[in-house]
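Asks: Provided below are the primary sequence and the corresponding predicted coordinates.
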Amino acid sequence: MVLNYYVLVPAIVLGAVILLSVFFHFVPFFLWLSAKVSGVKISLIQLFLMRIRNVPPGIIVPSLIEAHKAGLSTITRDELEAHYMAGGHVEKVVHALVSASKANIDLSFQMATGIDLAGRDDPGECSCYHVVYAQSCIHGVVPQQRLQLYDHVLHGI
């Protein structure tokens with residue numbers, strides 16, 4: 001039997017292309033590369049498992065990079081994944097934490113995610129940005145009035 005190279009070579013190339021596209025879909029290699037270059041420690045297996053859990057690595061990894069570059073080393077991949085799976089806005093929370101950090105405002109990850117999840121069904125789309133803005137604008141306000149203002153900002157009271 002004579003092998004027909006005009007059929008065999010394109011079939012091998014097509015098979016390799018299909019295999020590589022499936023690999024790069026389930027293992028986001030370029031996200032892993034950008035994370036490594038940025039100094040974020042994450043493995044290809046963790047990125048693959050994110051896909052399996054239906055957590056988009058395209059949201060988690062850039063947020064991790066942003067937090068790492070801003071010096072927020074306490075934020076972990078597991079926390080961001082859990083917040084995403086709870087229905088939270090990961091990017092908004094990380095942006096708010098970076099803004100709060102740069103403004104010397106003490107805003108913990110748990111507080112930011114709690115505020116984000118509490119306001120996620122609000123038509124005004126209340127988010128942590130409002131809290132950071134409110135905290136940075138009202139330094140001279142006594143704590144009780146500050147809490148009342150937070151209620152007003154977060155819930156439209």
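Replies: In hand now; what should we look at?
Asks: rest of the way, CA atoms for contacts and neighbours
Replies: Fine.
Asks: leaving out the residues flanking it, which one is nearest to the residue positioned nearest the centre of the chain?
Replies: Centroid check for the chain by C-alpha atoms, centre = their mean gives Ile60 as the closest residue, at 3.3 Å. Nearest residue to Ile60, sequence neighbours excluded (C-alpha to C-alpha, 6 or more residues apart in numbering): Leu80, at 6.5 Å.
Asks: burial measure for the one you found, as a count.
Replies: 25 (other C-alpha atoms under 10 Å).
Asks: before we move on, the earlier item: wait, the residue nearest to the centre of the chain touches Glu79, no?
Replies: No: Ile60 is beyond contact range of Glu79, at 9.9 Å (criterion: C-alpha atoms under 8 Å).
Asks: and the contacts of stretch 41-52?
Replies: 26-29, 32, 35-36, 56-57 (C-alpha atoms under 8 Å, 6 or more residues apart in numbering).
Asks: let me have the residues you listed in CSV, extended by distance to His68, neighbour count and pLDDT.
Replies: Converted to CSV, the contacts of stretch 41-52 look like this (distance: C-alpha to C-alpha, whole Å; neighbours: other C-alpha atoms under 10 Å; pLDDT from 0 to 100):
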residue, distance to His68, neighbour count, pLDDT
Phe26, 24, 16, 82
Val27, 22, 20, 85
Pro28, 20, 17, 89
Phe29, 19, 16, 91
Trp32, 15, 21, 94
Ala35, 10, 19, 96
Lys36, 11, 14, 96
Pro56, 19, 14, 95
Pro57, 16, 20, 95
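Asks: output the below-cut-off pLDDT ranges for this structure.
Replies: 1-3, 120-157 (pLDDT under 70).
Asks: Gln110 and Val61, how far apart?
Replies: Counting by C-alpha to C-alpha, to the nearest Å, the gap from Gln110 to Val61 is 19 Å.
Asks: which of the two has more neighbours?
Replies: Taking other C-alpha under 10 Å, Gln110 and Val61 do not tie; Val61 has more neighbours (20 against 11).
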